[in-house]
Each structure stands twice: as C-alpha cells, then as structure tokens.
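Chemist: with the sequence up front, the predicted model follows.
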Amino acid sequence: MSREPRKLTPDEMALKVTTAALIEACGGPVACASVLDCAQSLISAYGSQTYPDRFMPIAIVMRLERLCGRPIVSRWLTDRHRVEAPDPLPLAMDDVARIAVESGEACAAIRDALVDGRIDAAERLRIRREIGQAQAVFSDILTKVEQP
C-alpha cells in the first residue's frame with residue numbers, strides 16, 4: 001500500500017517557486033550542483049513541488065544568494081513574515097526634549113574626545129553610541145511627521 005505524497009501548503013508552494021527562481025538566477029540546477037558539489041537532482045528537488053518534504057537548507061540559500069548577488073529567498077521570507085508596526089504617537093513637545101538631550105550627549109562625546117587632540121578606541125565607541133542614540137530619536141520623529 002503506497003502512501004499519497006503530502007500536499008504543500010500555499011506558503012510551501014510559494015517557497016518552492018521562490019527557490020526555483022534562485023536556482024535559475026544562479027544558472028540552473030547543473031550550475032548550482034557544480035558550485036555546491038552535490039547532485040543536480042537534489043538541487044532540482046529543492047525547487048520542485050513534486051518533492052513536498054525536500055526544502056533547500058538555509059546555508060545553501062545563503063551561498064546561492066551570494067553567488068547571484070540577489071537575496072531572492074531571503075527577501076521573500078522577510079516580506080512574507082513582516083509585521084505591521086503600530087501607528088506612531090503624534091509629534092509632541094517631549095520630542096523636542098528628546099532631540100536636545102540626545103544631540104547634547106553626542107556633542108559632549110565629540111567635545112570630550114577632542115580635548116587632548118587624540119581620539120582613542122573608548123572615545124570612538126562612546127561617540128558611535130551617542131550618535132546612534134541621537135539617530136534613533138531623529139528616526140522616530142521622522143516617522144511621526146511622515147504620517148498624515
């Protein structure tokens with residue numbers, strides 16, 4: 001008694017199609033098999049809906065995406081699972097204070113680093129951290145003003 005092959009879910013079908021597109025972008029199954037040093041039939045199975053239990057391992061996806069220079073499967077995965085961000089709070093006076101504090105801390109880090117005319121590794125780290133925190137505040141505020 002033979003068992004019927006399992007049916008692919010819609011997401012799995014889309015993943016197979018996307019995997020096949022990656023394989024083609026890299027020159028097809030023969031080219032991929034040559035680069036990966038594996039059987040061409042295995043590469044073909046990764047993109048075929050005939051093999052519902054055979055999916056391309058993520059390490060191979062990574063290698064092939066680097067080879068073709070396009071994140072074909074990775075982009076599909078992230079787009080498929082993207083979560084909608086909640087609406088930002090409206091712009092408020094508190095945002096002015098946040099900009100002042102973070103910008104002031106970034107300026108202070110740069111000023112302190114320049115006092116002796118040399119910027120050491122710890123000072124560079126502090127500058128990067130403070131500027132990153134200021135950028136995060138500015139980015140948050142930009143998101144608020146981009147809303148209608």
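Modeler: It's in. Numbering: from 1, shown residues only.
Chemist: can I see the domain layout of this protein?
Modeler: Per automatic domain parsing, the domain ranges recorded for the chain read 10-80, 93-146.
Chemist: and those domains, which is most packed in?
Modeler: Ranked by mean neighbour count, these are led by domain 10-80 with a mean of 16 (mean count of other Cβ atoms under 10 Å). C-betas here are computed from N, CA, C, even on glycine.
Chemist: average pLDDT for that one, rounded please.
Modeler: The predicted model assigns domain 10-80 a mean pLDDT of 94.
Chemist: give me the distance from that domain to the chain's centre.
Modeler: When distances are taken as Cα atoms, centre = their mean, to the nearest Å, domain 10-80 is centred 18 Å away from the chain's centroid.
Chemist: identify, by residue count, the longest helix of this protein.
Modeler: Ordering each helix of the chain by length in residues (DSSP state H) puts helix 121-146 first.
Chemist: same list (the domains of the chain) but as CSV, adding distance to residue 3.
Modeler: Converted to CSV, those look like this (distance: least, Cβ to Cβ, whole Å):
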stretch, distance to residue 3
domain 10-80, 12
domain 93-146, 52
